[in-house]
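Colleague: here is the input, now give the coordinates:
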Amino acid sequence: MNVFKLALKVAARHWNYLLIYMVALGAMSLLGSGAIEVAPQGEFKADSPKVAVIDRDGTDVSAALAAFALKDAEEVHVDDSTFGLQDASAKDLASYVLIIPEGFQADLLAAARTGGDAPELQTVISYQGARGSLVDQRVRGFAQSLYGFAASDATALAADVARNADKACANETPVGFLAVDSQGLSAKYVNYAAFSAYALFAASSIFIAVGLSSLRRGALRRRLVLGPVPSGRYGLQVGLACALFSVAIWAVIAAAGLVVFNPLGQGAPLAAVCVVLAAQLGFALVGGAAGFLIWQLGASDTMANGAGNIFGLVCSFFSGAWIPLSVMGESTRLAAAFTPFYWATDAMTQVSEAADITASLALQAFGEVGVTFAWAAVIALVAVALGRARLRESGA
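Modeller: Residues are numbered from 1 along each chain as shown. So this is what the prediction gives:
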């Protein structure tokens with residue numbers, strides 16, 4: 001009996017799992033990498049937060065402060081009442097509401113000339129986004145300028161203090177778009193490859209574990225146990241079928257990355273692209289080996305789905321795909337080195353950050369990818385040994 005062909009035929013009946021995990025998670029990897037985005041405008045336009053100013057002082061200094069707060073902002077009107085302020089906060093009508101108290105100019109000038117504390121500004125900052133907080137930082141910086149000019153000249157009029165602060169804060173830094181010719185791997189392509197680790201692992205492991213479940217059931221199971229195929233060859237043929245499915249899944253997801261990002265067309269070195277493709281193949285083979293092991297353990301379809309998703313997420317997390325390992329603690333980085341995806345992801349990062357792909361760097365990167373392949377081989381060998389032991393018990 002050709003167990004290899006039988007395994008391919010049985011698993012292929014569960015093609016719906018491929019659609020769910022390979023297509024859906026592959027699309028999620030594209031979205032996570034930033035491949036789909038709005039084309040940049042030809043001219044930079046600063047974001048305009050909604051700002052409201054309630055000036056209870058009505059002086060030169062308060063007018064200058066109000067004008068600065070409304071600069072590059074969309075002015076909205078809020079009633080100067082307790083209900084109006086509460087309504088603006090609850091409905092998020094403005095990102096930032098500045099309330100200049102009565103007597104602000106007199107108190108500011110007096111504090112600056114005596115070395116006292118500047119009067120407090122009352123603000124209402126939106127809970128949505130950081131726009132309001134950024135405006136608040138700018139407004140408080142302008143208030144400090146007013147304080148500084150008033151303190152530097154005790155005889156200066158309030159109008160002069162406001163005028164000097166306006167001049168000091170009038171300078172702006174020009175901003176525009178800069179086109180950069182990249183000769184290396186794009187960050188989006190590397191991000192896609194890192195994000196695809198979860199899709200490759202989940203699609204391979206779950207499809208294999210669920211697809212081969214029929215080989216453990218009913219008359220087919222008894223025929224395989226009592227058949228002439230030795231237990232070692234039986235496990236080897238099923239393992240080869242798992243490897244073939246993993247390679248097929250890798251080919252689809254890797255091809256999607258090549259088509260969407262076109263790294264070779266963007267000038268990326270061939271060696272760097274090969275490292276990324278090899279890393280993705282390692283992710284798929286680890287998933288296939290894990291699915292083979294889950295199947296050998298006799299897990300149900302529900303358990304196979306859960307195990308494939310959980311282990312895929314954990315391995316992806318420790319690879320640094322979701323959160324950079326550089327911001328994590330030393331113990332987390334140490335634990336990541338003992339996970340299968342870490343080494344392949346690190347290899348992709350190294351070749352993407354290198355100015356030139358030297359022979360030594362390429363060998364080092366392929367060596368790290370080889371660690372991921374070694375993980376796949378070890379898991380597959382454990383699965384074969386476990387399956388052989390289970391077949392012997394069944395035959396006994």
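Colleague: from here on, contacts and neighbour counts on C-alpha atoms
Modeller: Will do.
Colleague: tell me, please, the helix or strand in the chain that averages the lowest pLDDT.
Modeller: Of all the helices and strands that make up the chain, the one with the lowest confidence by mean pLDDT, DSSP states H and E is helix 218-226; it has a mean of 53.
Colleague: pull out the buried positions in the helix or strand containing Phe373.
Modeller: Assigned by DSSP states H and E, Phe373 belongs to helix 359-395. For helix 359-395, a neighbour-count test (16 or more other Cα atoms under 10 Å) marks 361-362, 365-376, 379-385, 387-388, 390-391 as buried.
Colleague: show me what contacts Cys239?
Modeller: For residue 239 the amino acid is Gly, not Cys. Counting by Cα atoms under 8 Å, 6 or more residues apart in numbering, Gly239 touches 289, 292, 380, 384.
Colleague: in which helix or strand would I find it?
Modeller: Under the assignment given by DSSP H and E, the secondary-structure element containing Gly239 is helix 231-261.
Colleague: how far does that helix sit from its chain's centre?
Modeller: Averaging C-alpha coordinates over helix 231-261 and over its chain gives two centres that are 26 Å apart (Cα atoms, centre = their mean, to the nearest Å).
Colleague: ok, the residue most central in space within the chain to Gln144 distance?
Modeller: The residue lying closest to the centre of the chain (Cα atoms, centre = their mean) is Trp322, at 4.6 Å. Trp322 sits 41 Å away from Gln144, going by Cα to Cα, to the nearest Å.
Colleague: again with Arg113
Modeller: Distance of Arg113 to Gln144, computed by Cα to Cα: 14 Å.
Colleague: just Glu353 next, same as before
Modeller: Counting by Cα to Cα, the gap from Glu353 to Gln144 is 42 Å.
Colleague: with neighbour numbers in mind, choose between these two.
Modeller: Relative neighbour count places Gln144 above the other of Glu353 and Gln144, with 16 against 13, counting by other Cα atoms under 10 Å.
Colleague: which element follows whichever helix or strand the more buried one is part of toward the C-terminus?
Modeller: Following DSSP H and E, one finds Gln144 within helix 131-152. In the C-terminal direction, the helix or strand that comes right after helix 131-152 (DSSP H and E) is helix 158-168.
Colleague: quick one: list the elements packing against that next one.
Modeller: With contacts taken as 3 or more Cα pairs under 8 Å, 6 or more residues apart in numbering; DSSP states H and E, helix 158-168 sits against helix 60-70, helix 131-152.
Colleague: go through those and name the closest to Tyr96.
Modeller: When the helices and strands packed on helix 158-168 are ranked by proximity to Tyr96, the top entry is helix 131-152, at 4.7 Å, counting by Cα to Cα.
Colleague: contacts made by the closest one with the rest, please.
Modeller: With Cα under 8 Å, 6+ apart as the contact definition, helix 131-152 has outside contacts at 49, 61, 65, 68-69, 95-96, 108-109, 112-113, 115, 118, 125-126, 156, 158, 161-162, 164-165, 168-169.
Colleague: buried ones in that helix?
Modeller: Residues of helix 131-152 classed as buried: 131-133, 135-136, 139, 142-151 (neighbour count, 16+ other Cα under 10 Å).
Colleague: so which helix or strand takes in the residue nearest to Ser213 when sequence neighbours are not counted?
Modeller: Sequence neighbours aside, Trp295 is the residue nearest to Ser213 in space, at 6.7 Å (criterion: Cα to Cα, 6 or more residues apart in numbering). For Trp295, the host element (DSSP H and E) is helix 270-296.
Colleague: which is the next helix or strand following that helix?
Modeller: Going down the chain from helix 270-296, the next helix or strand is helix 301-319, by DSSP H and E.
Colleague: could I get the full set of strands for the stretch 1-150 of the chain?
Modeller: When assigned using DSSP state E, counting those that start in this stretch, the strands of the stretch 1-150 of the chain occupy the ranges 50-55, 74-75, 96-100, 122-125.
Colleague: now those in a markdown table, with mean pLDDT, distance to Ala194 and mean neighbour count?
Modeller: As requested, those are exported to a markdown table (pLDDT from 0 to 100; distance: least, Cα to Cα, whole Å; neighbours: other Cα atoms under 10 Å):
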| stretch | mean pLDDT | distance to Ala194 | mean neighbour count |
| --- | --- | --- | --- |
| strand 50-55 | 90 | 38 | 22 |
| strand 74-75 | 88 | 40 | 16 |
| strand 96-100 | 90 | 39 | 24 |
| strand 122-125 | 86 | 38 | 17 |
